[in-house]
Structures are given as structure tokens and as C-alpha cells.
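Participant: Sequence and computational prediction follow.
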Amino acid sequence: MSKATYQSKLMEKLDGFVEQGTSDQLFAAEYLHGHVIFATAKCENIGKIYPHDIKFQVVHSLRDALVANELTPHKQELVLSMWDAINKH
């Protein structure tokens with residue numbers, strides 16, 4: 001799977017939550033959208049553009065955000081649950 005295909009699949013799943021989700025799901029989807037875009041750009045800059053590289057960067061970006069207490073515990077749970085859900089096959 002190419003970088004573009006993987007990123008498109010993630011964005012499509014997140015867009016589904018934006019279009020039909022609750023306000024909590026909308027928040028989590030938009031938050032993850034930003035992390036996916038950031039991770040993809042970072043991967044392109046370092047020349048690692050495979051899906052597992054993007055996933056790795058998103059996980060590390062989320063970890064850094066959680067360590068920095070960017071989200072309340074409730075929002076953390078929402079974001080991490082959605083990340084897990086969109087990565088299931």
C-alpha cells in the first residue's frame with residue numbers, strides 16, 4: 001500500500017466521523033486529522049513514506065501530546081479509541 005493510499009484510507013475513515021459523528025467524535029476526528037497530516041509531512045521530509053512509517057509517526061506524535069497533557073483524560077480516551085478503531089482491518 002502506498003503512502004497516498006494509506007493516508008487516503010485514514011482520512012476517509014476520519015471524514016466519516018466528521019460527517020455523521022457526535023461532537024466528541026468530531027473533535028477526535030479533527031484532532032487525529034491534524035496528527036495524520038503532520039506525520040505524513042514528517043515522513044516525506046525524512047524519506048520514509050510507507051504506511052508503517054506514517055503510523056509510527058502518528059503514534060509518537062500522539063504520545064508526545066499526551067505526555068504534554070494537551071488533552072483531558074476524557075478527550076485522550078476519545079482520541080485513542082478512535083485511533084484504534086480506524087487502524088483495525
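Facilitator: Noted; the coordinates are in hand.
Participant: Show the contacting residues for the most centrally placed residue in the chain.
Facilitator: In the chain, the centroid-proximal residue (C-alpha atoms, centre = their mean) is Leu32; its distance is 3.6 Å. Neighbouring residues of Leu32 by C-beta atoms under 8 Å, 6 or more residues apart in numbering: 10, 14, 58, 79, 82-83, 86. From N, CA and C alone the C-beta is placed, and that goes for glycine too.
Participant: what do you get for Lys42?
Facilitator: Lys42 touches Gln57, counting by C-beta under 8 Å, 6+ apart.
Participant: hang on, isn't Val79 packed against Glu70?
Facilitator: No. In this structure, Val79 is not within contact of Glu70 by C-beta atoms under 8 Å, at 9.7 Å.
Participant: For these two, indicate the residue with more neighbours.
Facilitator: Val79 (22 against 13; other C-beta atoms under 10 Å).
Participant: now the more buried one: how far from Glu19?
Facilitator: 18 Å (C-beta to C-beta, to the nearest Å).
Participant: And Thr40, by the same measure?
Facilitator: 21 Å.
Participant: And the two? Which one has more around it.
Facilitator: More neighbours surround Thr40 than the other of Thr40 and Glu19, with 21 against 9 (other C-beta under 10 Å).
Participant: Next secondary structure after the helix or strand containing the more buried one?
Facilitator: Using DSSP states H and E, Thr40 sits within helix 23-46. Using DSSP H and E, the helix or strand that follows helix 23-46 in sequence is helix 51-67.
Participant: For that next one, C-alpha coordinates in PDB please.
Facilitator: Taking Å, rounded to 0.1, in the frame of the first residue of the first chain, the C-alpha atoms of helix 51-67 are listed here in PDB:
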ATOM      1  CA  PRO A  51       2.300   3.200   5.800                       C
ATOM      2  CA  HIS A  52       4.100   1.800   8.800                       C
ATOM      3  CA  ASP A  53       6.300   4.900   8.900                       C
ATOM      4  CA  ILE A  54       3.200   7.200   9.000                       C
ATOM      5  CA  LYS A  55       1.500   5.100  11.700                       C
ATOM      6  CA  PHE A  56       4.800   5.200  13.700                       C
ATOM      7  CA  GLN A  57       4.900   9.000  13.400                       C
ATOM      8  CA  VAL A  58       1.200   9.400  14.400                       C
ATOM      9  CA  VAL A  59       1.700   7.200  17.500                       C
ATOM     10  CA  HIS A  60       4.700   9.200  18.600                       C
ATOM     11  CA  SER A  61       3.000  12.500  17.900                       C
ATOM     12  CA  LEU A  62       0.000  11.300  20.000                       C
ATOM     13  CA  ARG A  63       2.300  10.100  22.700                       C
ATOM     14  CA  ASP A  64       4.000  13.500  22.900                       C
ATOM     15  CA  ALA A  65       0.700  15.200  23.000                       C
ATOM     16  CA  LEU A  66      -0.500  13.000  25.900                       C
ATOM     17  CA  VAL A  67       2.800  13.500  27.800                       C
END
